[in-house]
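**Student:** Pasting a predicted model and its sequence here:
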Amino acid sequence: MSSSSPDERTLVLIKPDAVRRGLVGEILSRFERKGLRIDAMVSRTMDGGFADQHYAEHVDKPFYPPLKTFMTSGPLVALVLSGDQVIEVVRAMIGSTDGRKATAGTIRGDLSLSNRENLVHASDSADSAKREIALWFPELA
């Protein structure tokens with residue numbers, strides 16, 4: 001369960017579709033206006049091997065090959081956010097996976113019309129946040 005420690009951290013990926021559409025600033029500003037802190041941030045392109053590591057639990061699933069193609073299709077922005085119950089807060093801010101069904105006011109609800117190209121990834125638990133931060137930002141682990 002989420003901790004109430006102000007030091008809780010989560011990983012967020014601003015996906016290639018958001019970068020292509022020029023939405024990085026919009027997405028970052030929503031997190032900053034909420035009061036979350038950016039502890040680390042990098043722009044990079046994910047290669048296939050790194051995608052397999054990041055999505056290790058999904059590699060054998062039928063939806064993974066097109067997800068991998070999409071996630072390696074161009075630059076993305078990886079960031080570590082921190083704040084009180086940040087994992088839960090960020091998940092609420094981004095909205096449900098399918099942008100066509102996500103609630104208005106969420107990042108996906110306002111800015112996405114796709115299930116796969118849904119602008120952002122965010123860690124879904126403290127365990128996945130720890131694993132993903134260690135993968136993307138080993139200096140913070």
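**Tutor:** Yep, it's here. Numbering: from 1, shown residues only.
**Student:** Quick check: pLDDT value at the residue positioned nearest the centre of the chain.
**Tutor:** Central residue check for the chain by C-alpha atoms, centre = their mean: the C-alpha nearest the mean position is that of residue 121, 2.4 Å away. For residue 121, the model assigns a pLDDT of 97.
**Student:** So which residues make contact with the helix or strand hosting it?
**Tutor:** Assigned by DSSP states H and E, residue 121 belongs to strand 120-122. With C-beta atoms under 8 Å, 6 or more residues apart in numbering as the test, strand 120-122 has contacts from 10-15, 18, 27, 87, 90-91, 94, 107-108. Backbone N, C-alpha and C define where each C-beta goes, glycine included.
**Student:** can you pull out the strands in the chain?
**Tutor:** 9-14, 37-45, 75-82, 120-122 (DSSP state E).
**Student:** TSV please, covering those strands and showing distance to residue 131.
**Tutor:** Shown next, in TSV, are those (distance: least, C-beta to C-beta, whole Å):
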stretch	distance to residue 131
strand 9-14	9
strand 37-45	16
strand 75-82	13
strand 120-122	13
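**Student:** Residue 102 contacts residue 111, correct?
**Tutor:** No: look at residue 102 against residue 111 with C-beta atoms under 8 Å: they stay out of range, at 9.2 Å.
**Student:** partners of the residue nearest to the centre of the chain in the sheet?
**Tutor:** Beta-bridge partners recorded for residue 121 (DSSP bridges): residue 13.
**Student:** Give me whichever of the strands of the chain is most buried.
**Tutor:** Among these, ranked by average contacts under mean count of other C-beta atoms under 10 Å, first place goes to strand 9-14 (a mean of 25).
**Student:** Okay, angle between it and strand 75-82 too, please.
**Tutor:** Compare the direction of strand 9-14 with that of strand 75-82 by axes from the mean of the first three to the mean of the last three C-alpha atoms, to 10 degrees and you get 160 degrees.
**Student:** So what angle separates the directions of strand 9-14 and strand 37-45?
**Tutor:** In this structure, strand 9-14 runs at an angle of 40 degrees to strand 37-45, with the same axes, to 10 degrees as the basis.
**Student:** Alright, that wraps it up for me.
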